[in-house]
Every structure is written in structure tokens, then in C-alpha cells.
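# this one's structure only:
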């Protein structure tokens, strides 16, 4: 599809990324320039992804977009920026004589269809995957290659990190125009094959305060946020070293400390912002009880702007820790599949481990678990059966 200069329909997928050094707060809200650099892990698209189909036609009267089957306002400023910047880059490359740019459709309107296979606006980085997928798909439609994270960043800050697989840093940059505020891959997805991720879906409902509104409030009112910006550079260096050395002890502790500080900043905001709920706090206590039992950091939690936990661990500990979670949060008998994604085997728990977990069982506290691993960046889908748009340009969903 990408090589067909006359192709008018393209479908791509893009991954979720979960930060281990968080981005919170903008120094320039219009360009989405952060007050500190950040670093994330790209999750595998076999379990979590956004899928976007874009089509261009001379018969379309206006640009339109559908998200999860519902038409949304195409006039959304962030959507408009992404469309404008991709088209601007396409025109620039056409004018420079780039033979790969698809000049036939520059004046055509586009229809965009996007779906997520995970909860949207629930603190699971849906906007990051969605905007990365949009920018990547538009770039393929117009025949663009090269650095695109600067455009994705202007849709949703964290989207720039979803433009790459593996372990990715978002360099905050120093230029006022934002041209040096881009994402960069630290290591590919093959670097740490033993690393596993468990996503605990506690509440799939839309969060009460958006990340954008929360950041604005923190920038205005939180003294702790200013302190955080000063210590993040050193934390970034420590995290990069831990990843390169595959040092889970350091990686896990840094991840948890950064998550805690991020939520402390939210609490330091006035009025305070509460993204965690009581189940989130129980998960935090469970992780520390498990690690204390072994006197070693074997699992690590992180929470973005929502109550859902993301757990990092190594493959060898997955079965036992999931069993501990099932012991502490018995699944409800509602027929819903509790474990999704990569296989998890049931194993017996020692009595000493059970006694180390000091909490009463909380039935149904965790709705389900997604077991995944580190994955690649955006992908072009060649199989026509996976397009979200039929030949008559109607959404399949």
C-alpha cells in the first residue's frame, strides 16, 4: 500500500506506551513542550493498540473522523494541527522534488476511522496511541518518511513516544519552536526479552479530570512540580543506565518512586487531583508486601493519570505474582475473561508467602489483567481485510 503512489486508503496500527519517568506539565501549551524529559516502554500491539484507516477522495466535501464507531468533531484543534502539519510537510517535500511524496491527493479531503482495543480516556495512554497512529497513517497516505514524532507530539505529548518501539525517551528540548522536542529510541524491543508487563484494569470508565486540565492546574499551583523538574534529569540518566544494563532492581525502584512523586504532585495541586482510588492503593501495598517477602524488587508498579496499574516484572515471576493477585483480588464470577494476552500458568502459593500478604481479599477489585511484553512501533497493515473502511467508504464498525 505504501509503495502504491495512487493508493487512497491506508491502515496502520500504533502502540500504547507507559512512562517510567513521567511527563507532567507543559512550558508551552500550544506546542506541547514539556517542563521535563520523560521515558517510556512501548507495549506490544498484539495486546494493546490503536488501529486507524485513512482514505482520501476528490469527492469528499470535508475532512471527517470517527473514533470507536462514533463521529467526532474534526475541528478539534489538536486534530487540525496534525492534519495541517502532515500536509505542510508533504507539500514541502513535493516542492523539493521528493519522488516518494503522493502529490495526487494533496488537495483531497480525508476520512479517518480509528478504534482502540483497550479502554479509552481511562489512564491507559489511549490518546498517545491514537495520535501516533493518526500521524503515521497520514504520513503513509501522503508518502512521507522520516522523523514524525514532532508532529505527533503536537497532537498529544506522549504520542511522540508511541512513534517508536522498545524503550523511548522524549527529549524536552530547549528551542522555542519545539523543533528539538522529539522522541528517540533508547533500545529496541528486542533488548530486554525477559521484561513483562501486566496491566490491571481497575476502572475502565473515563477519568474525571483530563490529563491536560490536570497539568494546567499543577503548573499553576504545585511547588512540588517545580522541584520535580529539577531532579528528573538525573533520574533520566539513572533510568537509561538501568535499562541498558537490564538492571531490574534499579529499574523497578526508579519506576515506583517516579510514579509516587507524580501522584504526590497531583495531590500537591490545588485543589488536589486524585487519580488513584482505594484499589490502586491496595495494589501498591500488595507490590511492596510481595517484594518485602523476597527482600528484593521483583515487581514494580506505575500509574498514569488514572487508577489502572501497570506492573513491570520479569517473565520468571509472572505466574506466581498473578496467583498472588488472584488470591488478593478474587475474580468476580461474571463470565468475563480475567486474564488476557500472553498465557499465564496457575501455580501453588507457599503458606509463608500468603501470610506475608497482609490484606483481606477484595473480590472484583481488579476487572481483568492484560499480560503483554515490550513491542515495536507503528505498523503498516497490508491485509485488506483489516481495513476499517469498506470500498463504499463506510466504517465496518
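On my side now, so go ahead. Computed from a prediction, not measured in an experiment: that's the story for all the values here.

# which residues of this structure fall in helices?
77-95, 126-141, 149-155, 211-221, 223-244, 248-268, 278-294, 318-328, 351-356 (DSSP state H).

# Out of these, flag the one nearest residue 388.
Proximity to residue 388 (C-beta to C-beta) singles out helix 126-141 among these, at 10.4 Å. C-beta: built from backbone N, CA, C; applies to glycine.

# distance between that closest one and the chain's centre?
12 Å (C-alpha atoms, centre = their mean, to the nearest Å).

# what is the rounded mean pLDDT of it?
Across helix 126-141, pLDDT averages out at 94.

# So which of the helices of the chain is the most surrounded?
Mean neighbour count (mean count of other C-beta atoms under 10 Å) peaks for helix 126-141 among the helices of the chain, with a mean of 28.

# From the contact counts, what lies against that one?
With contacts taken as 3 or more C-beta pairs under 8 Å, 6 or more residues apart in numbering; DSSP states H and E, helix 126-141 sits against strand 9-15, strand 49-57, helix 77-95, strand 109-116, helix 149-155.

# wait, which of these is closest to residue 214?
So among the helices and strands packed on helix 126-141, helix 77-95 is nearest, using C-beta to C-beta, at 16.5 Å.

# contact partners of that closest one?
63, 65, 74, 100-103, 106, 110, 131, 134-135, 138-139, 142-144, 151-152, 154-156 (C-beta atoms under 8 Å, 6 or more residues apart in numbering).

# try it again with 6 Å
Helix 77-95 has contacts (C-beta atoms under 6 Å, 6 or more residues apart in numbering) with 101, 103, 134-135, 138, 142, 144, 151, 154-155.

# Report the angle between that helix and helix 126-141.
Counting by axes from the mean of the first three to the mean of the last three C-alpha atoms, to 10 degrees, helix 77-95 lies at 20 degrees to helix 126-141.

# mean confidence score for helix 77-95?
pLDDT averaged over helix 77-95 gives 92.

# Kindly calculate the angle that it makes with strand 109-116.
Interaxial angle of helix 77-95 relative to strand 109-116 (the same axes, to 10 degrees): 130 degrees.

# and the direction of helix 77-95 versus that of helix 211-221, what angle?
100 degrees.

# So what's the gap between helix 77-95 and the chain middle?
In terms of C-alpha atoms, centre = their mean, the centre of helix 77-95 is found 23 Å from the chain centre.

# Relative to residue 331, how far out is the nearest residue to residue 330 once chain neighbours are set aside?
Nearest non-adjacent residue to residue 330, counting by C-beta to C-beta, 6 or more residues apart in numbering: residue 363, 4.7 Å away. Residue 363 sits 8 Å away from residue 331, going by C-beta to C-beta, to the nearest Å.

# Which one's more surrounded, the two?
residue 331 (18 against 11; other C-beta atoms under 10 Å).

# List phi and psi for that one.
phi -60, psi 140 (degrees, to the nearest 10).

# shouldn't it be in contact with residue 339?
No - counting by C-beta atoms under 6 Å, residue 331 sits too far from residue 339 to count as a contact (8.7 Å).

# I'd like the distance between the residue sitting furthest away from the middle of the chain and residue 327.
Ranking residues of the chain by C-alpha distance from their mean position (C-alpha atoms, centre = their mean) puts residue 351 at the top, at 37.3 Å. Distance, residue 351 to residue 327, using C-beta to C-beta: 12 Å.

# swap in residue 337?
Distance from residue 337 to residue 327, by C-beta to C-beta: 19 Å.

# Any stretches of the stretch 51-200 of the chain with poor pLDDT?
Within the stretch 51-200 of the chain, the segments meeting pLDDT under 70 span 97-103, 119-125.

# How many residues are close by the closest residue to residue 32 other than its chain neighbours?
On the basis of C-beta to C-beta, 6+ apart, the spatially nearest residue to residue 32 that is not a chain neighbour turns out to be residue 157, at 4.6 Å. When neighbours are defined as other C-beta under 10 Å, residue 157 has 26 of them.
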